[in-house]
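Have a look; sequence and predicted model below, questions after that.
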Amino acid sequence: MQSSLPKVLQTIGGRPMLAHLLETAATLDPEQVHVVIGSGADQVKEACDGFDVNWVVQAQRRGTGHAVMQAMPAIPDDARVLVLLGDHPLIPACVLAEMMEKNLAPLCVLTMQLEKPRGYGRIERDRTGRIRGVIEDGDATAAQWKIREVNSGIILADAAQLRSWLDKLGCDNVKHEYYLTDIFAMAYSEKKEIHGVLAPDARDLQGANDRLQLAALEQRYRQQATMRLMEQGVHIIDPDRVDIRGKVATGKDVCLDINVVLEGVNSFGDGVTIGPGAVLKDCDLAAGTRVHAYSVLEGVRTSGPCDIGPFARVRPGTELAAGTRIGNFVEVKNTQLGEGSKASHLSYLGDTTIGKDVNIGAGTITCNYDGANKHRTVIEDGAFIGSNSQLVAPVTVGKGATIGAGTTLTNDAPADSLTVGRARQISVKGWKRPEKSGEE
């Protein structure tokens with residue numbers, strides 16, 4: 001990966017690959033989950049500290065079989081062991097559940113068919129079709145390279161039997177590693193039943209060893225995420241041009257235009273529309289809300305239909321009531337707008353409480369930061385803020401008050417009154433513009 005991050009922390013859909021896999025494992029209701037870690041162990045633990053797992057350190061990296069050996073001391077003999085790969089984040093839980101429910105053989109492997117299986121261990125079968133071994137790519141003969149059924153790396157085994165096979169593993173191969181796949185030849189020689197389960201879609205079992213493969217996983221994740229949304233009735237203009245990087249809950253008739261990016265946890269009510277190029281993170285938008293093109297929203301909550309954008313930036317702590325309007329090139333942070341209030345263009349509203357039916361003129365700024373602390377501005381119902389006004393917090397604009405254009409407000413403005421605070425206009429007759437000197 002050419003990265004300072006361990007491979008399993010490379011992200012798919014905005015989350016580490018390992019986090020996806022641990023979430024899938026949790027749906028299987030396991031007695032315990034063991035994660036074998038090596039390089040970058042502290043980073044991995046920190047990134048996935050929300051999961052209930054037993055961390056197992058593999059001090060020496062001596063192959064897949066050696067990795068499983070490290071976890072076995074904590075596993076009882078009567079358990080069934082499902083071995084997963086930390087860089088295979090998209091394995092469907094339903095495939096694993098079916099594999100566990102229908103296969104009671106001492107050893108089971110999930111396989112897949114690939115047109116270009118280079119790099120994967122080949123599933124070798126005898127004349128009767130029984131699996132007799134898995135041949136690693138580097139140890140395969142020319143004839144074995146032609147086999148298209150390959151090992152996914154996912155196995156299911158009885159713990160006691162698995163422990164016995166692991167104890168017999170050797171490292172007489174080109175890499176001098178303990179291959180977990182060598183247990184298949186042992187099981188075959190002992191006439192133990194081995195089941196092979198063919199995965200329905202090989203794309204869901206792919207791993208990532210470089211940036212190209214990581215991009216392919218991202219593409220597959222996007223396809224799965226948009227497909228789920230469309231199955232729930234979401235209208236996605238072009239599924240190939242929408243990025244889902246988190247969780248999305250939606251009502252009916254939600255529409256996502258092209259190049260929309262959804263991060264974190266988002267919730268959209270009925271009829272919410274998201275315009276092209278919009279980026280949303282951790283937003284809760286009520287029914288009828290419209291987000292117009294190229295707006296960026298984070299931590300925004302709407303309680304009724306309202307309009308946002310285009311080219312608006314709405315930051316955490318913002319709450320918008322029904323009928324509100326945040327227009328183009330307006331930035332809003334930690335601000336509440338009451339019903340019917342609007343800031344249509346070119347304004348900054350930070351740490352502000354705005355009542356109902358307030359009009360914020362173009363170029364208005366709430367000056368909320370004094371260089372050390374943030375202060376709050378309060379604008380009461382029905383107030384009118386003229387264009388190019390600066391409201392220096394802490395300050396209150398009373399109900400029904402009007403602030404004249406160009407005002408710098410440093411004291412509270414009384415209700416139902418006009419407040420103007422600007423330099424008196426003068427005109428100087430006979431004034432002449434300066435002229436350039438001849439030397440220039």
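It's in.

Quick one: classify A225 as helix, strand or coil.
helix (DSSP: H, G, I helix; E, B strand; the rest coil).

Skipping its backbone neighbours, what lies nearest T24 in space?
A93 (4.9 Å; C-beta to C-beta, 6 or more residues apart in numbering). C-beta coordinates here come from the backbone N, C-alpha and C atoms, glycine included.

Relative to D204, how far out is that neighbour?
Relative to D204, A93 is positioned 11 Å away (C-beta to C-beta, to the nearest Å).

got it, and R376?
Look at R376 and D204: by C-beta to C-beta, they are 50 Å apart.

The two: who's more crowded?
Between R376 and D204, counted using other C-beta atoms under 10 Å, the more crowded position is D204 (19 against 16).

right, and that one touches R220 too?
Yes. Counting by C-beta atoms under 8 Å, R220 is a contact partner of D204 at 7.2 Å.

So what sits opposite I379 in the bridge?
I354, V397 (DSSP bridges).

show me what contacts it?
Applying C-beta atoms under 8 Å, 6 or more residues apart in numbering, we find I379 in contact with T352, T353, I354, G355, V358, I360, I385, L391, T396, V397.

How is this protein partitioned into domains?
According to automatic domain parsing, the chain comprises the domains 7-205, 217-419.

which one of these is the most hemmed in?
Among the domains of the chain, domain 217-419 has the highest mean neighbour count (mean count of other C-beta atoms under 10 Å), at a mean of 19.

Show the end-to-end separation of that domain, please.
From its first residue to its last, domain 217-419 covers 59 Å (C-alpha to C-alpha, to the nearest Å).

CA atoms of stretch 158-169 as PDB?
Only the C-alpha atoms of stretch 158-169 are listed here, as PDB (Å, rounded to 0.1, in the frame of the first residue of the first chain):
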ATOM      1  CA  ASP A 158     -13.800 -28.200  14.400                       C
ATOM      2  CA  ALA A 159     -11.500 -26.700  17.000                       C
ATOM      3  CA  ALA A 160     -10.000 -29.900  18.300                       C
ATOM      4  CA  GLN A 161      -9.400 -31.200  14.800                       C
ATOM      5  CA  LEU A 162      -8.000 -27.900  13.700                       C
ATOM      6  CA  ARG A 163      -5.600 -27.900  16.600                       C
ATOM      7  CA  SER A 164      -4.400 -31.300  15.700                       C
ATOM      8  CA  TRP A 165      -3.700 -30.300  12.100                       C
ATOM      9  CA  LEU A 166      -1.900 -27.100  13.100                       C
ATOM     10  CA  ASP A 167       0.400 -29.000  15.400                       C
ATOM     11  CA  LYS A 168       1.600 -31.000  12.300                       C
ATOM     12  CA  LEU A 169       2.200 -28.100  10.000                       C
END
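
T250 and E231 touch, don't they?
No. T250 is beyond contact range of E231, at 11.1 Å (criterion: C-beta under 8 Å).

Flag the shaky bits of this protein, pLDDT-wise.
For the chain, applying pLDDT under 70 flags the ranges 438-440.

Helices along that one, start to end?
Remark: helices assigned in the chain by DSSP state H are 17-26, 41-47, 64-71, 93-102, 159-167, 183-189, 211-231.

Tabulate the ones you listed (TSV), appending distance to V428.
TSV is the format used below for the helices of the chain (distance: least, C-beta to C-beta, whole Å):
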stretch	distance to V428
helix 17-26	69
helix 41-47	67
helix 64-71	84
helix 93-102	79
helix 159-167	94
helix 183-189	95
helix 211-231	64
